[in-house]
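K.L.:
here is a sequence with its predicted model. Questions after.
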Amino acid sequence: MKKNPKKTAVPSTLLTTNDSTGPYTLAIDIGGTGLKASVLDSEGNMITERIRVATPPKCPPDLMVET
């Protein structure tokens, strides 16, 4: 299985938040050229920076989860 060499570091700081109690939602966009993820607060606002990695070509489910 070929690994994706272009991984982005996960941001360690919150952008903004007015809701420190949650709930929080992990939002993941699975696209044909990129996988994007961020954490949303209870109102749907992004509270972390978005991260993006390239979608591996011919990507089976187990590689998608690993990536």
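P.N.:
Cool, the structure landed.
K.L.:
tell me where this structure has helices.
P.N.:
Remark: helices assigned in the chain by DSSP state H are 61-66.
K.L.:
so where is it shaky, pLDDT-wise?
P.N.:
1-20 (pLDDT under 70).
K.L.:
next, name the residue at the spatial heart of it.
P.N.:
The structure's the chain has its C-alpha centroid closest to Ala37; by CA atoms, centre = their mean the separation is 1.8 Å.
K.L.:
contacting residues for it?
P.N.:
By CB atoms under 8 Å, 6 or more residues apart in numbering, the contact set of Ala37 is Leu26, Ala27, Ile28, Asp29, Arg50, Ile51. All C-beta spots, glycine's among them, are computed from the backbone N, C-alpha and C.
K.L.:
what is the nearest of those to Glu43?
P.N.:
Ala27 (12.9 Å; CB to CB).
K.L.:
that closest one is in contact with Val39, isn't it?
P.N.:
Yes. At 7.3 Å, Ala27 and Val39 qualify as touching, with contact defined as CB atoms under 8 Å.
K.L.:
neighbours of the residue lying closest to Gly44 once chain neighbours are set aside, how many?
P.N.:
Nearest non-adjacent residue to Gly44, counting by CB to CB, 6 or more residues apart in numbering: Thr25, 7.8 Å away. For Thr25, the neighbour count with other CB atoms under 10 Å is 13.
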